[in-house]
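**Q** what would the 3D arrangement of this be:
(one chain, ligands or ions: 1)
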Amino acid sequence: MAAGINAFVTRERIEGGTGPLSGTTVAVKDNISTEGVRTTCGSEMLEEYVPPYDATVVERLLEAGATIPGKTNMDEFGMGTTTETSHFGPTRNPVDTDRVPGGSSGGSAAAVAAGEVDAALGSDTGGSIRCPAAFCGVVGVKPTYGLVSRYGLVAYANSLEQIGPIASDVGTAAELLDVVAGPDPRDATTRFGAGERPDDVSDGPDGHPAETTTYADAADGDVDGLTVGVPTELVEGAVEGVVENFETALDDLRARGAEVEAVSLPSVEYAVAAYYVIAMSEASSNLARFDGVRYGHSADAGADAGDWNEAFARTREEGFGPEVKRRVLLGTYALSAGYHDKYYEQAQNARAWVKRDFDETFETVDVVASPTMPVLPFETGEGLDDPVKMYLADANTTPVNLADLPAISVPAGRAEGLPVGVQFVGPAFGERRVIRAGSALA
Ligand code: GLN
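**A** Here you go, the predicted structure:
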């Protein structure tokens, strides 16, 4: 069955050393560089690109003893919510193969859900770990911006994205986070690792001592006294089956001693719009390097030999799929002289507002909870013609990236036979809190 879901772009084993992850298989999303093993980003542009070095997270996995069985399928350059924009064909949801696994880390989540691997790494720019985790009924963690090194991650929108773990239970995901987290001299945005937490972020309510150092230790399911804020704005737009499962999850938390209260995040109304302007703007700049000279696909110069502009354009026309082209065009437009203030700057203002809203909310609650995705997994093919519908599905995940915060998605039952995910968001570097809250449910 598993072979039929197209979770892998490349199956090539990379054996690790000896360590805490010995005997564990960890699949790696195909936008994370692996020395000697091709790294395609789901794109024709990089179909034959073989990195000369390992990403820091890959180095850490191998040092910890993990075996990497291959590279997983993804939306092209991470641009999508379904893993259908991949040049290598769509990945199927193992729970229902007529449905999408979510995206863009759909191959990673599907491989875990199908039992093909013990765990996987994904990357999350606007929900790409949490969405597929929710759609496939597994656990995904999007770390605080700066907790995990992005060295060797092929950039889509670098101010928003983080690498994070996907696994079938919270404990395994947390163990993987322990391995990959922490400062890296090759990524100047990295900060605290396990045991180096800033003093102002406690593990949550009283009774969780500061000497708890690993993320895995925090997966103890103890939410007694935890205050959970539920932003009405992130529940209102969800379909009925999702809301019902979410309410049941809140009841579970209450039964375990958590307090649930309504909170408001008025700025999130603008999150999807702001996210897409920023993500596309950064993408237009980041993807400029794929010109047929430095990396990957190079169009046959033919009649254009000697005309650099023509060769560049032809390479990009052939190498990029429609969603990537759409975003490069829109991003270039948003950054162009005369429009920069109207779009990019406004989006940055909205981003600051979303951050402020979360900061204020964390003055009164320990974590924020919402459905991860407002919808159930789409049928394969359903959304390909309607990009705006796809973008709107990111309503609950994108605010978290705009605010640089940590979040976890955990499975919370099924509606119409399809998995539903619940998301917990914490204050910056409050990974332990969201892991603890998530472990109460899954
Ligand atoms: N669906 C979002 C997008 O297409 C999220 C992608 C991601 O997190 N990489 O941008």
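**Q** so where does residue 437 fall, helix or strand?
**A** Using DSSP states H and E, residue 437 falls within helix 431-439.
**Q** what packs against that helix?
**A** strand 139-142, helix 170-180, strand 367-371, strand 407-415, strand 418-425 (3 or more CB pairs under 8 Å, 6 or more residues apart in numbering; DSSP states H and E). C-beta here means a position set from N, CA and C on the backbone, and glycine is covered the same way.
**Q** of these, which is nearest residue 310?
**A** Closest approach to residue 310 among the helices and strands packed on helix 431-439 (CB to CB): strand 139-142, 40.8 Å.
**Q** for this structure, spot the helix or strand the model is least confident about on average.
**A** Across the helices and strands of the chain, mean pLDDT, DSSP states H and E gives its lowest value to helix 308-319, namely a mean of 90.
**Q** and for the spatially closest residue to residue 10 that is not a sequence neighbour, the neighbour number?
**A** What sits nearest to residue 10 in space, not counting adjacent residues and going by CB to CB, 6 or more residues apart in numbering, is residue 71, at 4.5 Å. Applying other CB atoms under 10 Å, we find 28 residues neighbouring residue 71.
**Q** most proximal residue of the stretch 101-250 of the chain with respect to the ligand?
**A** Of all residues in the stretch 101-250 of the chain, residue 128 sits closest to the ligand, at 2.9 Å by CB to the nearest ligand atom.
**Q** is it true that that residue touches residue 122?
**A** Yes: at 6.2 Å, residue 128 counts as touching residue 122 under the criterion of CB atoms under 8 Å.
**Q** picking that back up, can you tell me which of the helices and strands packed on helix 431-439 is most buried?
**A** strand 139-142 (a mean of 33; mean count of other CB atoms under 10 Å).
**Q** what strands line up against the helix or strand following that one, and which way round?
**A** Where DSSP H and E defines the elements, the next helix or strand beyond strand 139-142 is strand 162-167. Its sheet considered, strand 162-167 pairs with strand 119-124 (antiparallel), strand 139-142 (antiparallel) by DSSP bridges.
**Q** who's in contact with strand 162-167?
**A** 29, 32, 55, 57, 105, 108-109, 112, 118-124, 129, 132-133, 138-145, 147-150, 153, 172-174, 176-177, 180 (CB atoms under 8 Å, 6 or more residues apart in numbering).
**Q** equivalent analysis for stretch 382-397, please.
**A** With contact meaning CB under 8 Å, 6+ apart, stretch 382-397 is reached by 80-82, 84, 100, 124, 126-127, 130-131, 142, 234, 237-238, 268, 271-272, 275-276, 323, 326, 370-375, 378, 407, 423.
**Q** give me the buried subset of those.
**A** 80-82, 84, 100, 124, 126-127, 130-131, 142, 234, 238, 268, 271-272, 275-276, 323, 370-375, 378, 407, 423 (16 or more other CB atoms under 10 Å).
**Q** so which of those residues are in strands?
**A** Mapping those onto strands (DSSP state E) picks out 124, 142, 370-371, 407, 423.
**Q** point out where the stretch 51-200 of the chain drops to low pLDDT.
**A** 192-200 (pLDDT under 70).
**Q** angles on the backbone of residue 227, please.
**A** phi -100, psi 120 (degrees, to the nearest 10).
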